[in-house]
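> Starting from these lines, generate the structure:
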Amino acid sequence: MPSVLIVEDEPKMRRLLELNLVEEGYVVRTATDAETALKMLSAEPVNVILTDVKLPGMTGLEFLRAAKRANAATPVIVMTAYGTVESAVDAMKAGANDYILKPFSMEEIKLVIRKELDVHRLREENRSLREALGQRYRFENIVAHSAKMQEVLAAVERVAATNATVLLGGESGVGKDLIARALHQHSRRAQGPFVKINCTAIPENLLESELFGYEKGAFTGAVAAKAGKFELADQGTIFLDEIGDMPGALQAKLLRVLQEREFEHLGGTKTLKVDVRIIAATNQDLRAALEQGTFREDLYYRLNVVPISIPPLREHKEDIPYLVDHFVARFSGESQKPVSGITPAALKRLMEFHWPGNVRELENIIERAVVMAAGTQIDVGDIHLDTPPASSEQRPPQLSADDKNPWLPPGRTLEQFEDDIIREAVRRAGGNKSQAARLLGLSRNALRYRLSKLGLSDEPER
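Got it, this is the predicted structure:
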């Protein structure tokens, strides 16, 4: 049965509502103040909330905002005996689904609750049917026709309306920035700021002041107070890119912001509170970082509330033709070149490439091809892929159709053949172990293990 939470401090009204709604067939829970109601919601969600505006302690509108941050999809009906146009507008701005004036009849309140439950049910059925029928999720500036990318967009649609912290994972160049912006644009915070900070682009000694701001005189050169990124993102979203590279000292301070939504300026004593949604992204294996002790375990679990993994381009190559069309249209317009498409042979070459740089690499290659194209179509000669040729001495042995064992080169064991391939991948990546791991389709830790078996050094990359 549908459940209703009644938040009302007047005992007679609370009891009257409870009796009538129980008689109607609802499962009813009651609270006398907002603080108690929030605790009840965190323990067990309900289908609809019925709250008074005037409550002891936290007001009904403050409770409404907090309830919507916890679960934006739950309908909230506001009751008040002090009805004005201004109060109605305030309630709707805060996220109320309906507004009813006291005194009201029990039939009226039952009708409003039934209406909100029906609307909520229809929305959920629509989402479920769309998923069942395989209809496409469409987001501005995101080209995604493959099944794997549709799964990502489905997750974005489900989580966007909530206030949950999201951790985006995936290789460099897969489009984590675009997904983060889609989460913001489809949330209730879309009208608020979207603030991005790259944790690797800012020196460690400046990152703290950039995140949390500073007071005048906090350090040499601090001639005036400055707001940090968390303050600038108030009522909006902050996107922490490459979170895996955040220094350990700052991880503890970030954990406090995640837990309490409060912090102090560098060199300040006043505690500041912010209302921000945090989206983090990394191209690292944070679980491996936990084992190595470079990333805090408690911070990881705070960030990993809703993990969304974005697949590399080589795992959804069916999107390449659509991405090419998108990039050709964009860059031909920007460069004012009459390029309108790509030849089948050129597209075939793109489809056969392994794309270590993912969508970003494809974008760069198409931009260059558009600029260099002599005609109206991109041809094979216009495409320059980063594929250094292997020398005859270092090229892995090729299989021969005449071999007795068609799966292995003559005179080579499986282990020896695998070692050859690993050495070749490291050579092709120019010694970059992370890129070599991507070429092989391995995790960084899996490659490290294989390199240690080969007796090859795995020094930290610059």
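> C-alpha from now on. contacts and neighbour counts both.
Will do.
> mind listing what's buried in stretch 33-40?
For stretch 33-40, the neighbour count (16 or more other Cα atoms under 10 Å) marks 33-34, 37-38, 40 as buried.
> nearest to Asp241, of the residues you listed?
Lowest distance from Asp241 to the buried residues of stretch 33-40 (Cα to Cα) belongs to Leu38, with 31.5 Å.
> Regarding that closest one, which helix or strand does it belong to?
For Leu38, the host element (DSSP states H and E) is helix 34-43.
> and that helix, what does it pack onto?
Other elements packing on helix 34-43 under the criterion 3 or more Cα pairs under 8 Å, 6 or more residues apart in numbering; DSSP states H and E are strand 3-7, helix 60-70.
> Ok, which of those comes nearest Glu418?
helix 60-70 (50.1 Å).
> Tell me which other helices or strands that closest one touches.
When contacts are defined as 3+ Cα pairs under 8 Å, 6+ apart, helix 60-70 packs onto helix 34-43, helix 85-94.
> So which of the ones you listed is nearest Asn71?
helix 34-43 (9.4 Å).
> Report the angle between the closest one and strand 3-7.
Helix 34-43 runs at 160 degrees relative to strand 3-7, counting by axes from the mean of the first three to the mean of the last three Cα atoms, to 10 degrees.
> can you list contacts of helix 34-43?
By Cα atoms under 8 Å, 6 or more residues apart in numbering, the surrounding residues in contact with helix 34-43 are 5, 7, 30-31, 55-60, 63, 66-67.
> Please produce a ChimeraX select command covering the buried subset of those.
Buried residues among the contacts of helix 34-43 (16+ other Cα under 10 Å), as a ChimeraX selection:
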select :5,7,30,31,55,59,60,63,66,67
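> Take the contacts of helix 34-43 and lay them out in CSV including distance to Gly217 and pLDDT.
Shown next, in CSV, are the contacts of helix 34-43 (distance: Cα to Cα, whole Å; pLDDT from 0 to 100):
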residue, distance to Gly217, pLDDT
Leu5, 51, 93
Val7, 48, 93
Thr30, 52, 93
Ala31, 48, 93
Leu55, 43, 87
Pro56, 42, 88
Gly57, 38, 87
Met58, 37, 87
Thr59, 39, 85
Gly60, 42, 84
Phe63, 39, 89
Ala66, 36, 87
Ala67, 40, 87
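> can you give me the helices in the stretch 201-350 of the chain?
204-212, 229-232, 248-260, 286-292, 297-303, 320-335, 344-352 (DSSP state H, counting those that start in this stretch).
> meant to ask about the stretch 1-150 of the chain
11-24, 34-43, 60-70, 85-94, 106-132, 147-160.
> What is the distance between the fifth one and the centre of its chain?
Here helix 106-132 shows a centroid-to-chain-centroid distance of 28 Å under the convention Cα atoms, centre = their mean, to the nearest Å.
> Can you get me a residue count around Phe230?
28 (other Cα atoms under 10 Å).
> which residues touch it?
Residues near Phe230 by Cα under 8 Å, 6+ apart: 211-212, 238, 274, 276.
> let's see 10 Å
Going by Cα atoms under 10 Å, 6 or more residues apart in numbering, Phe230 touches 195, 210-213, 236-239, 257, 261-263, 272-278.
> Show me which of the residues you listed are buried.
For the contacts of Phe230, buried by 16+ other Cα under 10 Å: 195, 210-213, 236-239, 257, 261-263, 274, 276-278.
> nearest to Asn364, of the helices of the stretch 201-350 of the chain?
Asn364 sits nearest to helix 320-335 of all the helices of the stretch 201-350 of the chain, at 9.2 Å, using Cα to Cα.
> coming back round to it: select from the helices of the stretch 1-150 of the chain the stretch with the lowest mean pLDDT.
Mean pLDDT per stretch puts helix 85-94 lowest among the helices of the stretch 1-150 of the chain, at a mean of 72.
> what stretches of the stretch 351-462 of the chain score poorly on pLDDT?
For the stretch 351-462 of the chain, the stretches flagged by pLDDT under 70 are 387-412, 457-462.
> Need the helices and strands packed on helix 34-43 in TSV (columns: distance to Arg296).
Below are the helices and strands packed on helix 34-43 laid out as TSV (distance: least, Cα to Cα, whole Å):
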stretch	distance to Arg296
strand 3-7	38
helix 60-70	25
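> Go through the ones you listed and name the closest to Leu111.
strand 3-7 (13.7 Å).
> who touches that closest one?
Residues outside strand 3-7 that contact it (Cα under 10 Å, 6+ apart): 14-15, 17-18, 21-22, 25-38, 40-41, 45-53, 55, 60, 63, 76-79, 113.
> Could you list the domains of this structure?
Annotated domains of the chain cover 3-128, 148-311, 314-382, 392-462 [automatic domain parsing].
> Could you dump those domains into CSV and include distance to Asn141?
Listed next are the domains of the chain as CSV, based on distance: least, Cα to Cα, whole Å:
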stretch, distance to Asn141
domain 3-128, 22
domain 148-311, 8
domain 314-382, 9
domain 392-462, 26
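> Contacts only, for the nearest residue to Lys317 once chain neighbours are set aside.
The shortest distance from Lys317 to any non-neighbouring residue, by Cα to Cα, 6 or more residues apart in numbering, is to Met351 (6.5 Å). Under the criterion of Cα under 10 Å, 6+ apart, the contact list for Met351 reads 314, 317-321, 345.
> and Thr271, how many neighbours?
For Thr271, the count of nearby residues is 9 (other Cα under 10 Å).
> just checking, it touches Glu231?
No: using Cα atoms under 10 Å, Thr271 makes no contact with Glu231, being 11.8 Å away.
> Quick check: pLDDT value at Phe239.
With respect to pLDDT, Phe239 has a value of 95.
> any idea how far Val306 is from it?
Applying Cα to Cα, to the nearest Å, the value for Phe239 to Val306 is 14 Å.
> now swap in His120 and tell me
As judged by Cα to Cα, His120 and Val306 stand 23 Å apart.
> now swap in His384 and tell me
Using Cα to Cα, one gets 38 Å for the distance from His384 to Val306.
> if you count what's nearby, which of the two comes out ahead?
A side-by-side neighbour count of His384 and Val306, using other Cα under 10 Å, places Val306 first with 17 against 11.
> and the more buried one, what are its bridge partners?
With beta bridges defined as DSSP bridges, Val306 has these partners: Val166.
> And Thr30, by the same measure?
Thr30 has the following beta-bridge partners by DSSP bridges: Ile6.
> Isn't it up against Arg14?
Yes: counting by Cα under 10 Å, Thr30 does reach Arg14; the two are 7.4 Å apart.
> Mutual contacts of these two, please.
The contact sets of Thr30 and Arg14 overlap at 6-8 (Cα under 10 Å, 6+ apart).
> Distance to Phe139 for those - can I get that in CSV?
Formatted as CSV, the shared contacts of Thr30 and Arg14 follow (distance: Cα to Cα, whole Å):
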residue, distance to Phe139
Ile6, 37
Val7, 38
Glu8, 41
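> And the closest residue to Val156 other than its chain neighbours, its phi and psi?
Leaving aside its sequence neighbours, Val156 sits nearest to Leu183 (Cα to Cα, 6+ apart; 6.0 Å). Backbone torsions of Leu183, given as degrees, to the nearest 10, read phi -60, psi -40.
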